[in-house]
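Enquirer: Here is a sequence together with a model predicted from it:
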Amino acid sequence: MEDMVDWTRFRGRRLSGLFRRVARGGDGVARVGRRQIYILPTGNGLRFGAVLFVMLLGSLNYQNNLGLLFTFFLASVALVAMHHTWFNLLGLSVQARGGPPVFAGDDASFEVVVGTEGKRARYDVGIPAHETPHQAIAIPGGDCGTIRIARPTLRRGLSTLEEVTVETRYPLHLFRAWCYVQTDATTLVYPKPTQAAPEPGSAAGDTEPRRRQGPEGMEDYLGPRPYREGDSPRQIDWKAHARERGLVVKQFGGDQGQEVWIDWTELTATDPETRISLLTRQVLDAAEAQIRFGLRLPGLEEAPGRGDGHLQRCLTHLALYDHAQANDPLQRTA
Amino acid sequence: MPKRTIPSNERPERAQILRITLILIAAYLPLGGYLAVQISAFVGLLFAIRLASLRWPAVLPGTLPLAALTLIGVANAAVTYQGWSGQNAGTALFVSMLVLKLMELRRKSDIRLVATLIGFLVVVEFLFDQSPWLVLYLGAVVVWGIALLVDLNGGLEEPRRRGAVKVAVTLALQALPLTLILFLLFPRLSAPLWNLGVDPSKATTGISDSLEPGAISELVLDGELAFRARFEGAPPAADQLYWRGPVLWETDGRRWSRGEGIANSGTAGTLLEAGRSIDYEVTLEPTDQRWLFALDMPNSVPDGAFISSDHQLIARQAVSAVKRYRVTSALDYRTAAPDPARLAAGLQVPEDVTPRMRRLVDEWRNRSETDWALVQSGLQFFNRESFHYTLMPPSLGANPTDEFLFETRRGFCEHYASSFAVLMRMAEIPSRIVLGYLGGELNRVGGYHMVWQSDAHAWVEVLIDGRGWVRVDPTAAVDPSRVDNSGASRMLGAGPSVRFTLEQADAIARFVRNLRLFADSLDAAWQDWILGFSVENQLALLERLRLGELREYGLVALMLAALGLTLGVLVLASIRERKPFDPLQAEYARFCGHLAKIGLARVPNEGPMSYARRVVAQRPDLAPTIERFMDLYIPARYGPDDPRDVLMALSDLLRDFRPRSASRMRDLLRRSR
C-alpha cells in the first residue's frame, strides 16, 4: 500500500538516460536544481485527492457552502504542501563518500552528506532503501546531516556509488519528491576469502590450518627496526623517539622470527579469482597467527611485515590486482 | 492474503494512535447531538475500547470480534433509522465504520486514511449545523489532524510534536488565501445534479397553520430568530409592523384552522387601492413550511412564490434553508370584497355560544349604528373591563371563549384574537384571524430589523362595507397598566416587543442588548456572505470586474489567474533565502566580474590560484594587479589572517582595476601610433 507509485522501480537501465541527474559541481558537491526534482503523489496523496473529489461533488450538489469552504481549504493545504515538498529538496547539497573496506559479498557502506547552504531547515530527507528501514533526517539551516547507506557487493575491487536517489515526503506524505544525484564515492572491496587455504610454503592441497606456536604473550624481543606505516603505536619505541633517534619499532617474535611468503605461483588453482580468494585466506590466516608474511603476485611484491597496516596493504593489492595486465609480457619484465 | 511484516518505521507509535483517536472524538462530538443515542453509544464503546487498548493491548478485538462489531454497527444504524436512506442513516453508518477503522491501525497509512476521512466527516457535519462556531471548532480539529499527518511523516527536528504543529499552522495560514480565492471563484451548480438522502421533514419551527390555546405563548418562550428584514428607505412606524402569515377561518370554539375548502380556493388577492408603498428584503430562517412573511399588505410576489386570495405569500416549496426574498407592501390599502364562500366562512360561529356572550353582542349591536362602531365597542370592552395580559394565563375549561371573557380575563394575544373574532361573527361581521409577527427590533449595527419568534402574534381582520378587510388588534386594546410583563417575557432573551413598553432598561441590560445586536449582525453577515454565497453573487462580482459576459469561463480564468499569482508569491517568499553576507567573497566576485567582462570568466571548478595563473598567462599586462589581489585575498580567505584587515586594500585595488579586452587594447594601441 505504501507508495503504490514507486517510480524508481520502473526506471530501467535503458530509461535512465531520460532522467535528469544532479551533476557534481567543481567542488565535488552536487547541488539540487529546479529542473532536477521529480514529484508525484504518493498512494496517500491519491487517496486524499479522491476523498477531496467526493467532498467537492457532495458540497456542490447540496450547495453546502461550508462544505465547499473546507474542501477548498484542504485542497489548498495539499497544494501548498506540494510546493513545500518540492522546496524541501531544492538547493540541497549532496556529497557521498565511501566507507571502510569490506569483503566481497558483504554490504559496502557509503556516507551521504546532505546539507543546506541557506538558512532554511530541511526535514525528512532520506535515501530509499529496499531492505533496511527508510531513514530520514532533519537538517537544520546552514548545517548538514549524514545518511549511511549500504549496497551489496559481488566482486572485489572498487565499488563505486554512481548515483543516489534523494527523496522526501515532507510535510504531509501526500507527495514524494526525489532527484537522482551523481556521486563518485568508492568503497574498497577485498576479495572474498575461501573457507580454507593451503598453508603458505607447504605443499599445495594441504588445507590443514596452521598450528599456533606457543601461547600468546611469550614473545621474545628481536630488536629494533625503522617505523613503517601501519605499525601499531604500541610497538613504537617511545624512549628512542624521545632521544631523537626517530621512530623505531620494537620487534617481538611470537614465531621466533618466522617469516612466510604468500605466493601466487605456489597455488595450483587455475582460475585467477580462486587463486586470489585463496591468497586472501592465507593472508588473513597469517595475520591472525601474527606471523611476519610477505605477498608475491605476478609483477608485484609486498615485503614481509606485520600489523594492521601491512594486512590492509596486502588485502588492497589483492582487491585491486589485475591479473590480465600482470600477465602481459611488457608488465612482467618490469 | 499473506501477512507481510510491517517495517518498523511504518508501525504507528502509541502517541499517534492516541492522537488520531482524540481527533476523531473531537470531530464526532458535534454530531452527537444530531444522531440517535444508540449510534453515540456504539461509537462511544469503540472509542472506549481503543483508549483502553493503549493501556491493555489485549482489549483490542481480533479478526472475528471485529467482523462481529462491524455487523453490529451496520445493524445498529439500520435498525435505528429503519433503513439506509436519509441523511441521518447515511451519516450514522459512515461514522460507525470510520470509528471501527480505529480498531485496526497497523500501519501509519491506516492513520493517514482515518485522518483523510475526517475531512469528509467535517463536510457531512455541515449538513446538520452551519454556525460560525462550528466552523472555528472543526477548523481547529482539521489543523490538529494536519499536524498529526506531519508528525506521522517524521524526519522532523526535536521536539517533534511542537515542530509538527508549527508546520501545520504554517501550511494552514498559507492555504487561507488560496481557500478564499477558490471559495469566491469556483463555479457553483445552480441546480443539484442528484438528490437523495437529505430528508426535508424536520420538526417545524415558528408559526404553524392553526391556533390553539398555548400555541403562541410556547413560541414566545422560544428565543430564536424568525427572520430579518432590511428596509429600503425609512422603516415604517413600529405599530405598523404587522408581518402577515397564515389566515385562519374555521373554529370549533377552541382551535382555529385554515379551513380546507377555503384555504386552497380563490384567485390571487388584489388590492383595489394601495398607498405608502415600502420595499424591503426579508431573510427568512428555515421553517419547513411554505409561508413567507410580508408586511400588511403585500403588493408584489417574489420569485418562486404566489399570493393567495387571503393576501398571504406562499412559497412553491417549503422553506428548508435560509430564504431571501424582496417584497413591496402597501401600508394603506383597500382589499376587494371576498367571494361568497369566504363570506359564509367568515360568519361561521362555534356551537358553544353561551347566553351571556349573546347578550354582550346584542348590547353592542343596539348601541352601534354601523359595523365599525360595533367593532369599536368590542375593543372598548377589552379596554375598560379588567382584562389582563399575561404570558401565563390560567388554563381554560370546556368553553374557553366564555370562560376567558367572563371569568379568568387573563390571556395572551391568541385568547384576545380568538374571542374577539367569535364575538364579531356573532354580530354578523365577517371576521378571520391572521397569524404572524408584530414588530421587530432594529439592529443599528447591521441596519436591519430582527423579528424573533417571541414576536409571534395573532390579530383579527373584519370585513367592513366599502373598506374591505380591516385589521383590528384586540390585544392592543388592553390597558397598558394591566399588562403583566414582570414574568417570563423578560427572561426570554428576546428583545422588547413593541406591543408593550417595558420599563427603561438599565445600563447593563442595554450593554447586553447591544452585544446581542452586534452578534446578530455578525450572524447576518455570515448568512449573507458565507452560507448564502451563490452563483448570483459570483456573477455580480464578475459584472463589477466588467467580465460579466464571460460567465463561468470568466470565473474559471479569474480563479486560475488568482491562484497562480498567490502561489507564485508564496513560492517566491519561501525560496528567498538571504545568504549570509561575506564581504571578502563579495570583493572576489567583483574581481571575477571585471575579468569576466573581458572574456576571462572563471570556470566553476577553478580555484583562485589556478584562475589567476590562467589569466596572467593570457594577459601578462594584468599581472601586477592580479598578483597583488591574490596576495591579499588568499591568505585572508584561506589563511589565518583577519579578512577585515585586507578589505580596504582590496576595495582600493579594485576601484582602479578597469581591464580592457585584448581587441580593445589593440585598437587603442593602433590609434596612439
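Expert: Everything's here; your move. Numbering: from 1, shown residues only, chains lettered A, B, ... in the order given.

Enquirer: just how off-centre is the helix or strand hosting B:Ala115 within its chain?
Expert: Element membership of B:Ala115 [criterion: DSSP states H and E] is helix B:108-125. Helix B:108-125 sits 23 Å away from the centroid of its parent chain (C-alpha atoms, centre = their mean, to the nearest Å).

Enquirer: Show me what that helix is packed against.
Expert: Counting contacts by 3 or more C-beta pairs under 8 Å, 6 or more residues apart in numbering or on different chains; DSSP states H and E, helix B:108-125 packs against helix A:43-61, helix A:65-89, helix B:14-32, helix B:87-100, helix B:132-153. The way it works is simple: take the backbone N, C-alpha and C, and place the C-beta from them, glycine included.

Enquirer: Which residues belonging to stretch B:332-341 are considered buried?
Expert: Neighbour counts over stretch B:332-341 (16 or more other C-beta atoms under 10 Å in any protein chain shown) mark B:333-335, B:338 as buried.

Enquirer: ok, now stretch A:33-51?
Expert: A:36-39, A:41-45, A:47-48, A:51.

Enquirer: Quick check: closest non-adjacent residue to whatever residue of the stretch 201-350 of chain B ends up closest to chain A.
Expert: Nearest residue of the stretch 201-350 of chain B to chain A: B:Ala321, at 8.2 Å (C-beta to the nearest C-beta). Among residues not flanking B:Ala321 along the chain, B:Pro286 sits closest, at 5.5 Å (C-beta to C-beta, 6 or more residues apart in numbering or on different chains).

Enquirer: again, but for B:Trp364
Expert: The shortest distance from B:Trp364 to any residue other than its chain neighbours is 4.2 Å, reached at B:Ser377 (C-beta to C-beta, 6+ apart).

Enquirer: Check the residue lying closest to B:Thr267 once chain neighbours are set aside and give its pLDDT.
Expert: Excluding the flanking residues, the one nearest B:Thr267 by C-beta to C-beta, 6+ apart is B:Ser309, at 5.6 Å. Model confidence at B:Ser309, given as pLDDT, is 84.

Enquirer: B:Ser309 against B:Gly269, yeah?
Expert: Yes: between B:Ser309 and B:Gly269 a contact is recorded at 4.7 Å, counting by C-beta atoms under 8 Å.

Enquirer: Give me the mean pLDDT for the helix holding B:Ala115.
Expert: Helix B:108-125 carries an average pLDDT of 93.

Enquirer: Stretch A:197-211 too?
Expert: For stretch A:197-211, the per-residue pLDDT averages 53.

Enquirer: now do stretch B:152-172
Expert: The average pLDDT for stretch B:152-172 rounds to 86.

Enquirer: Need the residues that contact it.
Expert: A:73, A:77, A:80-81, A:84, A:121, A:123-126, A:136-138, A:140, A:168-173, B:9, B:12, B:16, B:108, B:111-112, B:143-144, B:146-151 (C-beta atoms under 8 Å, 6 or more residues apart in numbering or on different chains).

Enquirer: Try it again at 7 Å.
Expert: A:77, A:80-81, A:121, A:123-126, A:136-138, A:140, A:169-173, B:16, B:108, B:111-112, B:143, B:146-147, B:150-151 (C-beta atoms under 7 Å, 6 or more residues apart in numbering or on different chains).

Enquirer: got the contact list for B:Arg435?
Expert: I think there's a mix-up here, since residue B:435 is Leu and not Arg. Listed by C-beta under 7 Å, 6+ apart, the contact set of B:Leu435 reads B:207, B:211, B:245-246, B:248, B:458.

Enquirer: if you set the cut-off to 6 Å instead, what comes out?
Expert: B:Leu435 makes contacts with B:207, B:245-246, B:458, as judged by C-beta atoms under 6 Å, 6 or more residues apart in numbering or on different chains.

Enquirer: now do A:Leu247
Expert: A:227, A:241.

Enquirer: Go again with 10 Å.
Expert: Listed by C-beta atoms under 10 Å, 6 or more residues apart in numbering or on different chains, the contact set of A:Leu247 reads A:226-228, A:231, A:233, A:236-238, A:240-241.

Enquirer: Excluding chain neighbours, what is closest to residue 21?
Expert: By default, I'm working from chain A. A:Tyr180 is the one closest to A:Arg21 (C-beta to C-beta, 6+ apart), at 4.4 Å.

Enquirer: Oops, wrong one, chain B.
Expert: In space, and not counting its chain neighbours, B:Thr21 is closest to B:Arg50: 5.0 Å by C-beta to C-beta, 6+ apart.

Enquirer: Surely that neighbour touches B:Met103?
Expert: Yes: here B:Arg50 reaches B:Met103: they are 6.8 Å apart, a contact under C-beta atoms under 10 Å.

Enquirer: More neighbours: those two, which one.
Expert: Legend: neighbour count by other C-beta atoms under 10 Å in any protein chain shown for B:Arg50 and B:Met103, higher for B:Arg50 (22 against 17).

Enquirer: quick check: angle from the host helix or strand of B:Gly564 to helix A:65-89?
Expert: Using DSSP H and E, B:Gly564 maps to helix B:551-575. Taking axes from the mean of the first three to the mean of the last three C-alpha atoms, to 10 degrees, one finds that helix B:551-575 is oriented at 40 degrees with respect to helix A:65-89.

Enquirer: Looks like the residue nearest to B:Ala321 contacts B:Ala315 (just checking).
Expert: No: under the criterion of C-beta under 10 Å, B:Pro286 makes no contact with B:Ala315, lying 11.4 Å away.
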